[in-house]
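Novice: Coordinates for the following, if possible.
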Amino acid sequence: MDVGLPPEAHKLAGILLLTLIWWVTEPIPIAATGLLGVALCVILGAVPPAERAGGGLRVVFAPFADPSVFFLMGGMFIGRAMTRHGLDRRIALALLCTRWAGRTPGTVLTTVALATTLISMWISNAAAAAMMCPVAVGIVTVLAAARGAPEDFANSHYATVLVLSVAFGASVGGIATPIGTATNVVAIGIFRRPEYLGRGVDFLAWCAVGVPMMVLIFVGMCVWLRWLAPAKGLDMPALREYLRTEYERLGSWKRGEVNTLIVFVTAIVMWIAPGMLALAGYAEAQRAFNGYFPEEITAVLALIALFLLPVDRERGRFTLEAEDWQKIDWGTLLLFGAALALGGLMFRTGLADAVGKAAFDRLGTHDPGILTGLAVLAAILLSEFTSNTATASALLPVVYSLCTKAGVDPVPPMLAVTFGASFGSALPVSTPPNAIVYGTGLTPVRRMIRAGLGLDVIAGIIVWGVLRLAFEVLHWAPLERP
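Specialist: Reported below is the predicted structural model:
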């Protein structure tokens with residue numbers, strides 16, 4: 001690394017090393033570690049001298065109010081409303097009660113994974129897994145009882161892959177939309193920072209590549225899991241009756257579900273409207289719409305609407321209420337702000353440029369395909385041991401600098417980091433969904449490692465291939481138009 005770096009860059013390097021180690025080992029919650037890193041930057045003087053007015057507080061705390069934070073927060077409240085009123089469970093059970101879903105063990109596995117994947121496109125991966133895990137465990141319980149040997153079936157490979165399909169499906173679904181997982185929002189926030197690209201990512205353009213990528217990985221995942229656990233002789237009629245009973249217990253649509261669905265659909269329409277206007281050739285209308293209703297404002301309006309729409313006027317009950325503020329994952333929002341702050345300081349101090357130059361000198365390649373492949377590989381490996389958000393936060397600044405030193409478009413490798421960070425799938429600590437399903441007792445670590453490594457390989461190859469196709473053949477342009 002360049003010995004000519006200023007003192008604040010060396011201090012920042014030490015702070016980042018400590019932060020990364022604590023993110024991996026988790027002696028305290030990772031959000032608290034992020035805040036510790038930010039605090040140390042002020043205390044130890046890891047802020048450029050020209051920006052130390054007021055102790056550098058503006059520099060380190062301004063990213064916590066980045067517009068992307070509010071985009072992510074709005075998505076979290078929509079997810080909270082879905083969970084509170086059972087809209088997500090209704091959607092999942094509706095899929096599982098279709099005639100096709102309960103025909104064979106393979107279709108059951110695929111439908112459980114599909115329900116989790118579709119829900120995870122719009123709410124957090126952990127929330128999607130937490131909602132679907134009891135459904136998967138209930139299916140295992142019914143099939144085990146019907147076999148007459150509950151313990152043997154509960155320890156079977158099919159029971160393991162059925163609950164693993166929930167964890168893996170949550171990770172797969174998260175890549176499809178910008179709000180699918182906090183990792184995506186971290187990347188969008190970094191893209192938008194002036195020290196990086198200075199522009200965000202168009203919602204519709206993201207979905208244009210995220211959804212096909214999700215579909216390909218989903219198919220590969222289902223084939224892989226089915227190959228790991230062939231099953232025969234299961235009592236499918238008993239399972240269909242169980243699922244039908246569970247769906248009927250939901251009763252008719254509640255007012256809270258209807259309100260949530262209306263807000264959810266309206267938000268999606270407003271998020272994709274600018275892209276649709278641009279595709280239709282209405283550039284002026286697209287710019288005007290973005291001026292009045294940027295994605296972050298739409299997310300905030302959706303949040304407010306959920307607190308305004310009543311479910312019981314006489315009793316003063318609304319779709320979301322005061323206690324729901326306590327149910328939001330504020331730790332993720334704080335971690336997100338810390339990631340933006342630390343990433344910004346890497347550029348302000350020159351540390352990112354130095355790390356990028358050192359990495360380029362060692363790799364010595366200008367090939368965008370190789371850099372994209374290395375980016376996705378590094379993201380998958382690091383996310384096995386620390387959170388997806390922390391992985392993206394640590395790698396994105398370095399990958400950006402590496403690409404600029406190599407004279408390569410940084411967007412494909414940075415997106416490779418973003419997508420790859422969602423697929424550390426081999427260990428219980430790799431992702432919150434993995435930890436949730438491991439807690440069922442149906443997923444021995446050895447089986448999880450084998451299944452997760454297979455998914456990592458499948459996802460890594462598909463992410464690399466889709467990004468290469470999108471940028472080199474289709475000339476995909478995900479960044480917002482000026």
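Novice: Now the residue nearest to the spatial centre of the chain. Nearest residue, chain neighbours left out?
Specialist: Nearest residue to the geometric centre of the chain (C-alpha atoms, centre = their mean): residue 181, 2.1 Å. Using C-beta to C-beta, 6 or more residues apart in numbering and skipping residues adjacent in sequence, the residue nearest residue 181 is residue 174, 3.4 Å away. Where you see a C-beta, it was placed from the backbone N, CA and C, and this is true even at glycine.
Novice: Verify the stated contact: the one you found with residue 123.
Specialist: No - taking C-beta atoms under 8 Å as the definition, residue 174 is not a contact partner of residue 123, at 9.4 Å.
Novice: on that earlier part again, so what does the residue nearest to the centre of the chain have for phi and psi?
Specialist: Reported as degrees, to the nearest 10, the phi and psi values for residue 181 are phi -160, psi 150.
Novice: what do you get for residue 122?
Specialist: phi -120, psi -20.
Novice: Let me know whether it touches residue 76 as I believe.
Specialist: No - assessed by C-beta under 8 Å, residue 122 is found out of contact with residue 76, at 10.8 Å.
Novice: Low-confidence stretches in this protein?
Specialist: 1-4, 52-56, 145-154, 231-235, 356, 359-361, 363-364, 386-387, 429-430, 480-482 (pLDDT under 70).
Novice: ok, back up a step: could you tell me how many residues sit around the residue nearest to residue 181?
Specialist: 32 (other C-beta atoms under 10 Å).
Novice: same check, this time on the one 3 residues further on
Specialist: When neighbours are defined as other C-beta under 10 Å, residue 177 has 22 of them.
Novice: what's near enough to touch the spatially closest residue to it that is not a sequence neighbour?
Specialist: Leaving aside its chain neighbours, residue 177 sits nearest to residue 121 (5.1 Å; criterion: C-beta to C-beta, 6+ apart). Contacts for residue 121 (C-beta atoms under 8 Å, 6 or more residues apart in numbering) come out as 173, 174, 176, 177, 180, 214.
Novice: isn't there a helix covering the third one?
Specialist: No - Residue 176 sits outside any helix when classified using DSSP: H, G, I helix; E, B strand; the rest coil, being coil.
Novice: quick one, phi/psi of residue 280?
Specialist: Dihedral pair for residue 280: phi -80, psi 0, per degrees, to the nearest 10.
Novice: Tally up the residues packed near it, please.
Specialist: 10.
Novice: Any chance you could list what contacts stretch 241-257?
Specialist: For stretch 241-257, contacts defined as C-beta under 8 Å, 6+ apart pick out 81, 84-87, 89-90, 93-94, 96-97, 101-102, 135, 138-139, 142, 310-312, 319.
Novice: Check stretch 40-54 too.
Specialist: Contacts of stretch 40-54 (C-beta under 8 Å, 6+ apart): 6-9, 11-12, 15, 18, 55-60, 341-342, 345, 348-349.
Novice: pretty sure residue 111 is in a helix, no?
Specialist: Yes - counting by three-state DSSP, residue 111 is part of a helix.
Novice: Buried among the contacts of stretch 241-257? Need that as a selection in PyMOL.
Specialist: Of the contacts of stretch 241-257, the buried ones go into a single PyMOL selection, burial set by 16 or more other C-beta atoms under 10 Å:
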select buried, resi 81+84+85+86+87+89+90+93+96+97+101+102+135+139+142+311+319
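Novice: Tell me which of the contacts of stretch 241-257 fall in strands.
Specialist: Among these, the residues falling in strands (DSSP state E) are 310, 311, 312.
Novice: still on that earlier bit, and the contacts of stretch 40-54, which are buried?
Specialist: For those, a neighbour count by 16+ other C-beta under 10 Å gives the buried set as 8-9, 11-12, 15, 56, 59-60, 341-342, 345, 348-349.
Novice: Just the ones of those residues in helices?
Specialist: Per DSSP state H, helices hold the following members of those: 8, 9, 11, 12, 15, 59, 60, 341, 342, 345, 348.
Novice: any chance of these in CSV, plus distance to residue 462?
Specialist: Compiled in CSV, those are given as follows (distance: C-beta to C-beta, whole Å):
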residue, distance to residue 462
8, 41
9, 37
11, 40
12, 35
15, 36
59, 39
60, 37
341, 33
342, 30
345, 34
348, 36
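Novice: Going by distance to residue 465, which of those residues wins?
Specialist: Nearest to residue 465 among these is residue 342, at 31.5 Å by C-beta to C-beta.
Novice: which residue packs closest to residue 180, ignoring adjacent ones?
Specialist: Closest to residue 180 by C-beta to C-beta, 6+ apart is residue 174, at 4.0 Å.
Novice: Next, the contact list for residue 136, please.
Specialist: For residue 136, the contact set (C-beta under 8 Å, 6+ apart) comprises 112, 162, 163, 165, 166, 437.
Novice: Make JSON lines out of the residues you listed and add secondary structure and neighbour count.
Specialist: What follows is the contacts of residue 136, written out as JSON lines (DSSP: H, G, I helix; E, B strand; the rest coil; neighbours: other C-beta atoms under 10 Å):
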{"residue": "112", "secondary structure": "helix", "neighbour count": "24"}
{"residue": "162", "secondary structure": "helix", "neighbour count": "26"}
{"residue": "163", "secondary structure": "helix", "neighbour count": "27"}
{"residue": "165", "secondary structure": "helix", "neighbour count": "30"}
{"residue": "166", "secondary structure": "helix", "neighbour count": "29"}
{"residue": "437", "secondary structure": "helix", "neighbour count": "28"}
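Novice: ok so residue 443 is a helix residue?
Specialist: No - counting by three-state DSSP, residue 443 is not part of a helix but coil.
Novice: That one against residue 163, yeah?
Specialist: Yes - if you go by C-beta under 8 Å, residue 443 and residue 163 touch, sitting 5.9 Å apart.
Novice: overlap in contacts of the two?
Specialist: With C-beta under 8 Å, 6+ apart as the test, residue 443 and residue 163 both reach residue 437.
Novice: where do the strands sit along this structure?
Specialist: 310-312, 317-318.
Novice: Same list (these) but as CSV, adding distance to residue 371.
Specialist: Listed next are those as CSV, based on distance: least, C-beta to C-beta, whole Å:
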stretch, distance to residue 371
strand 310-312, 51
strand 317-318, 50
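Novice: To residue 23, which of those lies closest?
Specialist: strand 317-318 (37.5 Å).
Novice: and that closest one, which strands flank it?
Specialist: strand 310-312 (antiparallel) (DSSP bridges).
Novice: Centre of the chain to the partner strand, how far?
Specialist: Chain-centre distance of strand 310-312: 32 Å, with C-alpha atoms, centre = their mean, to the nearest Å.
Novice: what sits up against it?
Specialist: Against strand 310-312 from outside (C-beta under 8 Å, 6+ apart): 254, 255, 256, 259, 316, 317, 318, 319.
Novice: repeat that with 6 Å
Specialist: With contact meaning C-beta atoms under 6 Å, 6 or more residues apart in numbering, strand 310-312 is reached by 255, 256, 317, 318, 319.
Novice: how close does the last one get to residue 110?
Specialist: If you measure residue 319 against residue 110 using C-beta to C-beta, to the nearest Å, the figure is 32 Å.
Novice: just the first one next, same as before
Specialist: Taken as C-beta to C-beta, the spacing of residue 255 relative to residue 110 amounts to 33 Å.
Novice: So if I had to pick from those two, which one is more boxed in?
Specialist: The neighbour comparison of residue 255 against residue 110 (other C-beta under 10 Å) goes to residue 110, with 22 against 15.
Novice: isn't that one right next to residue 221, touching?
Specialist: No - using C-beta atoms under 6 Å, residue 110 makes no contact with residue 221, being 9.6 Å away.
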